[in-house]
Each structure stands twice: as structure tokens, then as C-alpha cells.
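> any chance you could fold what I've pasted below:
(2 chains)
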Protein chains: 2
Amino acid sequence: MTVNLPYGRVYNFNAGPAALPVVVLEQVQAELLNYKGTGMSVMEMSHRSKAFEGILHAAESDLRALYGIGADYAVIFMQGGASLQFTAVPANLRGAGQSADYLVTGSWSKAAYKEAKRHGATRVAWDGGPDGFVHIPRNGEASIDAQAAYAYVCSNETVNGLAYYDLPHVPAEVPLVCDASSEFVSRPLDVARYGLLYGGAQKNAGPAGVTVVIIRRDLLERTPEGLPPMLDYKLLSEHGSLYNTPPCFGIYVTGLVFQWILAQGGLTAIAEANRRKSTLVYQAIDASGGFYRGHARPDSRSDMNVTFRLPDAALEEQFAKTAKAEGLEGLKGHRSVGGIRASLYNAVPLDAASLLADFMREFQRRNG
Amino acid sequence: MTVNLPYGRVYNFNAGPAALPVVVLEQVQAELLNYKGTGMSVMEMSHRSKAFEGILHAAESDLRALYGIGADYAVIFMQGGASLQFTAVPANLRGAGQSADYLVTGSWSKAAYKEAKRHGATRVAWDGGPDGFVHIPRNGEASIDAQAAYAYVCSNETVNGLAYYDLPHVPAEVPLVCDASSEFVSRPLDVARYGLLYGGAQKNAGPAGVTVVIIRRDLLERTPEGLPPMLDYKLLSEHGSLYNTPPCFGIYVTGLVFQWILAQGGLTAIAEANRRKSTLVYQAIDASGGFYRGHARPDSRSDMNVTFRLPDAALEEQFAKTAKAEGLEGLKGHRSVGGIRASLYNAVPLDAASLLADFMREFQRRNG
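As a prediction, this is how the structure comes out:
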């Protein structure tokens, strides 16, 4: 069994940067030296040109269509990844003397918590660490301070392979802030339930270097005077993501991916496709009689990042290596936790998940 | 006279994002769906993969070769553009109670000054504003405080069209910080004269979204505890620009441009080519009998951005429009100052400058 794909491509299970739709890459390739008769590449275009403004506006309006984002929310295209958001969220939303609540469910919410704590009062509202980050809190398990400036969740923990399916109950007056990076545009969400939702493009939506922030407009009034411009949601929103030169090419590719998702039938259709893929891999785990051990508790299993262990580290190494030789790339777990991780983002086709499940059965037959 | 170029491309005088070398774009296009047999695009590649690490290391070592950067300097690839550097420079380099000196020579050094001033003691060491930003200080004109945390210059003012050819005299103990964004890798510089030199890629070196910082390693010790990670030179340097996911694709394109510059003969050859281009346009200005009025005083003329006026705004509008119709794009001056601006970055060919000079003479003949 060896993958045989157009352009000599492999099946790409990278956790991010990650697989992009082939048709999007083909379009980028075709337009690379001359974008729609402008006589130049998108990389060479003024960010104040009509052509780029068209790209930016289309990206925003397609994202609004995908999620059903209302006019009471602003959309901002930023740089700096989640790491910059870890600073920006408390800097903008946590007023003087206020505290923020963090639900710590894995590596990324923990990193966000640590950064918030360096700059002000921060409370752990729930901590999955003692259990080894194997599940997210069930409703009722996490109790949010009604005085908190906001409650923070990471809705999909890329390293640990956990996802929220029911959001925690949050008091009405506390905005819910969500790092949706590794599930961004992978399933429908009720944006109205969030105060702020952000995602890096480099998982489901585009290349690294673009972060999309969706923020309820009333929260923009919390931004204090004197923030560094690159952290200032209010300023960046007022300038329509054009306060300074944005990462134009990344926004262009991200916009093409939004169009591709719409063409697939939107987020409901994409979510169903994603669920079919993850089901194939989780079934291979569950049917292995313990040879493969899933990391996440079944009620918290991510459709995006399927994490599991083999009987020992040597077998895990061999698994990733053999898979790679057969055209299944990027299966090594995050260096901080080891094991195997299969990321099944939007652009990973069903065939890839199916072949991976076959490979898992075959590998177990030979090594189990 | 109409431009007739391969791929239906135009001559691109944009101020940034700006023209890229056609051969670089062709290589990017060829490798877009499968980078060197990896089976994936650079956009889809893990930033911790061997392939991407190769790209990152090559970009750094080619930049070191171009500028002759010594081992006592670190190179950091960042996001956020100059706007982020405006915050990062004082946040890292200006200690408690210290003041920094700014030489204000145009829009960009002024913006840097304003941002620095919001966060601490900042002094204007020289101000070209009263003269309308038509020249940079001659040596001796600007007096730098020997106690300053650093002295800050913008070595090429993109909006105003000014460049430094002699750096100001700075006391030995005061590090010189330079925003070289719009002249980055366009001419040789003696890096040893700078404490910190930074440039956005989107003028001479690549797409928007990548900023390269060259910093003398001893200055990394000034970084205080508790800075936001995305501003922290020390942290980012310690992680070799891989603290978080970098803008991988932009770094890849930037690296290809570095290789292209090396293939052109390096910075000396590129600087000569750039000078030939700007000379053609300045000659057209100087020979126009006042129809075209150069903005910069001759001793401060930038080779990168040639700024000039016509007798009135209506003629300037017509100039830009007529030029565009003939395939000469991006000649409108910055919206804050008006007029005409021809940016002649590395990838703008001599033919483009030559055609522009012809166009200027022809336009004057018809409208002068």
C-alpha cells in the first residue's frame, strides 16, 4: 500500500501548518505571476489597492457567511498567531483590578493562562492537568466567577487531542473567549455565544502568519488607551485590518479556503466530512484490543487531532516511520507528549483517513 | 509606448508590498504543490520539519553572507511589521529611567517616535518636520545624548523619499537602531555600526508578514522580564525564530530573494543597479525645467523611493492614470502627502526605470 497522488503529493497529517485543498493550491499556482489580470502577484500588490481590498472584503464576508456572524461582531485579520492573542486578550479585555477565569484543558489553554497570569489577576476555573489532560470539563464541573472579566477556553487542544462539544456554562455577564485555532472553520459554531473567538489560519484555513479574531463590538470599548498598536483590537478593527500592512498573501489563500468550504456545502457539510474521517481512525483504535490506546476520553475526542499511544516508544517511532515511507506524513505526536497524532483538518481527504485506518490494522497485524 | 511583458505583467512601482523577481515567482509557482519532493507545499509543512528548518537556516545564512553579519549578531524572523518594532525596540532596549533619542526625518521615524513616547522618556534629537522632511541631517547637525538608551533612525523614508548616505555620529556607548525597511538588502551596510537593524520583507525581499531583525547579541541582555513573547527579542532569538509558528511561506520567499540577490552579485551589484535606475528618474526630474519638482534635497535623495510633484494635483492624477494605462503601475504618492512616488526596489528592472523616464519626458511634452 503506497499513496499515489497527483503532483507526487503525500497524505499530510501535520498538526499545523497543515494540508490545504489541492484545488486552492492549483488556483494560487495559476494566479501566482498575474492575479486576475492585474499584472502582478498578490505578493506584489499594494494593500491599499482595489484588488487587495476586494480580496480582504471577500475573505471577511465569506467568513461571515460560513459562521453566520452578525453585524454586532467585528472581524479582524491579525499577525502573531495564538501567542500574540495570549497577550492581547487580557490586555484588551481585563480591566484594572479585574480577574479572568481560565479553563485549563491542555497545552494551549495552559500556555494562555500562564501568559495572562504574568500581567494580572488570573484564576484557574478548571484544571484537567491532574488527570493528564484526557478530557474537557462536563457542564457543571467548571464554575465561572460571575465577576470575571472573561472566561477563557481552548475549544480544541491540538497537542492533547481534546475538543469541547458542549461549552461550559458561563454567567450571562461574563464574555466567553475561545481559542478555536485548531478547529477554526471546521464545524458550525453559534458565534453569538462568544465574546471573542480567534483562530490561526494554519490548521484548517491557510498558511501560518494570519490570525482571525471575531469579537463582539461592545467589547472593543474595553480596550484601554496606550496599548501597542499590534495588540489593540479597537484600533485594528477601526482600520479594517489595514492599520499597517497585513499579511496579504496569507489572507488571500485563507479567503480561497473559505470559498472552498462554501463550495463544499459550508460548515455543516465540512463538519460531517471531518466526523467521518475521525470516526474511521477512532474505530481503528477501539477495535485494536488495546494495541492502540486513545489519549482522550471518548466524550472529549477531537475530530481534528486524534492522539494515541502504541505499546512502547520504539513501536511509535516505527509506526510513524513506516507510515511516512508509505506516503502518510506528519503522524508523530507533539514533542512535549510523544505518541502518535493524526490531524484530520478540513483539507485532509476521507481517503487519507481511510488509508491510515488500514495502515493501523496492517501495522498491528505485523507488530501486535 | 505600452509595456509588453511575459505573463501579461506590468512594471510595478509600488511602495510595498512591491515587485518581486520574476524568476523567484516562477520558482515559487513550480514548487507550489510539491516542494522539492516533500509531497507538500511549503504552506503545508510543519515549521519543525527538516525541510522547513533547511529553508529557515538557508535564509539566515544567505542574509549573513549578503550583509557580512558577524557571529556577535543574532538574526530573528518576526511578524507584525515595523509597527510591532516601534513597540519592541523601546520595550527591549530602553531600561527603567532611561531615555531614547529619535532622529525624525519623515513619516516612519515620526511614527516610531510617537509610539516610543507613549511608553517612556523619548527625545527628538533632530527634526526635519519644520523643513517639510526634505533632507536628512548632515553629520554634526544631530546631537545624540551620550546617556541615551539608543539612537533611532529610519535609514530610508518611504513616504518622503529620503535616505541616509552618511550615518549620524553616535557616541560609542549608544547603540544605533535603524529601521531599514524600505532599503533592506538594497545596498551594502556595515552592520557592525548598528546595535539593531530591522527591515520588513515587503519592499526589497519578499511578501508582507515577515520582519527581519539583526541585533547585536549583547543587547539581548537588556530585554526585561515579562515582555509579551511576540515582542521579546531575547526569547525569540533563543528559540531561533521558532518560539511559535513563524510565517513559513513568507520566510521561504524571502530566502529565495536572498539567493537571487547573491546570484546578481550580492549587495554591491544590486546597489549599483539600483543607483542606475534612480539616476534615470532623477535625471528626468532635473532636466524638466521645473515641470517635475523633486521632493528631496539632492544630497538626501533615496534610490528606493523617488518622490516628486507636478505643477498641480490634477496633472499628478493624470500622470498616474496615463502611466497605469501604459503598464507603469503604482506611481501615486502616499495618500498622506500626495504627488508621485516611483519605488525602484531590487526587483524593478532597469527597463522599468528607463521606460518611466521616457514616459515622464513624453508626458511633459504633451502637458508641459
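> please make it C-alpha for all contacts and neighbour counts, starting now.
Will do.
> run the chain-centre distance for stretch A:262-274.
16 Å (CA atoms, centre = their mean, to the nearest Å).
> no wait, stretch A:165-173
20 Å.
> then stretch A:300-310?
Put simply, stretch A:300-310 sits 15 Å off its chain's centre (CA atoms, centre = their mean).
> quick one: that stretch near chain B?
No: judged by CA under 8 Å from any CA of the partner chain, stretch A:300-310 makes no contact with chain B; its nearest approach is 14.7 Å.
> need the contact partners of that stretch.
With contact meaning CA atoms under 8 Å, 6 or more residues apart in numbering or on different chains, stretch A:300-310 is reached by A:15, A:134-136, A:156-165, A:182-183, A:274-275, A:277-279, A:281-282, A:285, A:291-296, A:316, A:333, A:339-345.
> beyond the longest helix seen in chain A, next helix or strand please.
For chain A, the helix with the greatest residue count under DSSP state H is helix A:266-286. Using DSSP states H and E, the next helix or strand after helix A:266-286 towards the C-terminus is strand A:293-294.
> now the longest helix of chain A: mean pLDDT?
Throughout helix A:266-286, pLDDT has a mean value of 98.
> isn't A:Ser343 right up against A:Ala19?
No: the pair A:Ser343 / A:Ala19 is not scored as a contact, 9.3 Å apart, by CA atoms under 8 Å.
> what residues are shared contacts of the two?
Residues touching both A:Ser343 and A:Ala19 by CA under 8 Å, 6+ apart: A:Phe13.
> on that earlier part again, got the contact list for the longest helix of chain A?
The contact list for helix A:266-286 (CA under 8 Å, 6+ apart) reads A:66-67, A:185-188, A:261, A:264, A:291-294, A:303-304, A:306, A:308, A:344-346, A:349-350, A:353-354, A:356-357, A:360-361.
> what about the helices in the stretch 251-368 of chain A?
A:266-286, A:313-325, A:350-367 (DSSP state H, counting those that start in this stretch).
> do the stretch 51-200 of chain A as well
Counting by DSSP H, counting those that start in this stretch, the helices of the stretch 51-200 of chain A are A:81-93, A:107-119.
> tell me the most buried of these?
Neighbour counts (mean count of other CA atoms under 10 Å in any protein chain shown) averaged over each of the helices of the stretch 51-200 of chain A peak at helix A:81-93, with a mean of 23.
> per-residue confidence averaged over that one?
Mean per-residue pLDDT for helix A:81-93: 98.
> off-centre distance for that helix?
16 Å.
> now swap in stretch A:24-40 and tell me
Taking CA atoms, centre = their mean, one finds the center of stretch A:24-40 at 27 Å from the center of the full chain.
> list the buried residues in that stretch.
The neighbour-count check on stretch A:24-40 (16 or more other CA atoms under 10 Å in any protein chain shown) flags A:Val24, A:Leu25, A:Val28, A:Gln29, A:Glu31, A:Leu32, A:Leu33, A:Asn34, A:Tyr35, A:Thr38, A:Gly39, A:Met40 as buried.
> what does stretch A:304-319 give?
Buried residues in stretch A:304-319, counting neighbours by 16+ other CA under 10 Å, are found at A:Met304, A:Asn305, A:Val306, A:Thr307, A:Phe308, A:Arg309, A:Leu310, A:Leu315, A:Glu316, A:Glu317, A:Phe319.
> if we can go back for a sec, near chain B, list only the ones from the buried residues of stretch A:24-40.
Okay, of those touching chain B (CA under 8 Å from any CA), that's A:Leu25, A:Gln29, A:Leu32, A:Leu33, A:Asn34, A:Thr38, A:Gly39, A:Met40.
> and which of these is nearest to chain B?
A:Gly39 (3.8 Å; CA to the nearest CA).
> that closest one against B:Pro6, yeah?
No: the criterion here is CA under 8 Å, and A:Gly39 misses it with B:Pro6 at 9.6 Å.
> distance of A:Lys324 from chain B?
Separation of A:Lys324 from chain B (CA to the nearest CA, to the nearest Å): 11 Å.
> pLDDT value on the closest residue to that residue other than its chain neighbours, please?
Counting by CA to CA, 6 or more residues apart in numbering or on different chains, A:Lys324 lies nearest to A:Gly330, which is 7.5 Å off, once chain neighbours are set aside. Here, the pLDDT recorded for A:Gly330 equals 97.
> circling back: turn the buried residues of stretch A:24-40 into CSV, columns for secondary structure, distance to B:Ala121 and pLDDT.
CSV is the format used below for the buried residues of stretch A:24-40 (DSSP: H, G, I helix; E, B strand; the rest coil; distance: CA to CA, whole Å; pLDDT from 0 to 100):
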residue, secondary structure, distance to B:Ala121, pLDDT
A:Val24, helix, 49, 98
A:Leu25, helix, 49, 98
A:Val28, helix, 47, 98
A:Gln29, helix, 49, 98
A:Glu31, coil, 48, 98
A:Leu32, coil, 46, 98
A:Leu33, coil, 47, 98
A:Asn34, coil, 47, 98
A:Tyr35, coil, 46, 98
A:Thr38, coil, 46, 97
A:Gly39, coil, 47, 97
A:Met40, coil, 44, 98
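> wait, what's in contact with A:Arg293?
Counting by CA under 8 Å, 6+ apart, A:Arg293 makes contact with A:Ile285, A:Asp286, A:Phe308, A:Arg309, A:Leu310.
> run a quick neighbour tally on the first one.
Okay, so that is A:Ile285. A:Ile285 sits with 23 neighbouring residues when counted by other CA atoms under 10 Å in any protein chain shown.
> how near is it to chain B?
Going from A:Ile285 to chain B by CA to the nearest CA gives 25 Å.
> from A:Gly333, how far off is that residue?
15 Å (CA to CA, to the nearest Å).
> same deal with the fourth one?
When CA to CA is applied, the distance between A:Arg309 and A:Gly333 equals 9 Å.
> any residues in contact with both of the two?
By CA under 8 Å, 6+ apart, A:Arg309 and A:Gly333 have these common neighbours: A:Gly339, A:Ile340.
> next up, the contacts around A:Val348.
Contacts were defined as CA under 8 Å, 6+ apart; by that measure A:Val348 touches A:Tyr11, A:Asn12, A:Phe13, A:Ala19, A:Leu20, A:Pro21.
> show me which pair in those residues is furthest apart.
By the measure CA to CA, A:Phe13 and A:Pro21 form the most distant pair in those, at 13.0 Å.
> more neighbours: these two, which one.
Neighbour comparison, A:Phe13 and A:Pro21: the larger count goes to A:Phe13, with 29 against 19 (by other CA under 10 Å).
> so where is chain A shaky, pLDDT-wise?
Along chain A, the parts satisfying pLDDT under 70 run over A:1.
> let's see it at 90
For chain A, applying pLDDT under 90 flags the ranges A:1-4, A:138-140, A:335-336, A:368.
> domain assignment for it?
A:27-263, A:265-367 (automatic domain parsing).
> now do the first one: distance from first to last residue.
Okay, so that is domain A:27-263. In domain A:27-263, first residue to last residue: 14 Å (CA to CA).
> next one: the last one
Distance between the boundary residues of domain A:265-367 (CA to CA) amounts to 41 Å.
> how distant is that domain from the center of its chain?
Relative to its parent chain, domain A:265-367 has a centroid offset of 18 Å by CA atoms, centre = their mean.
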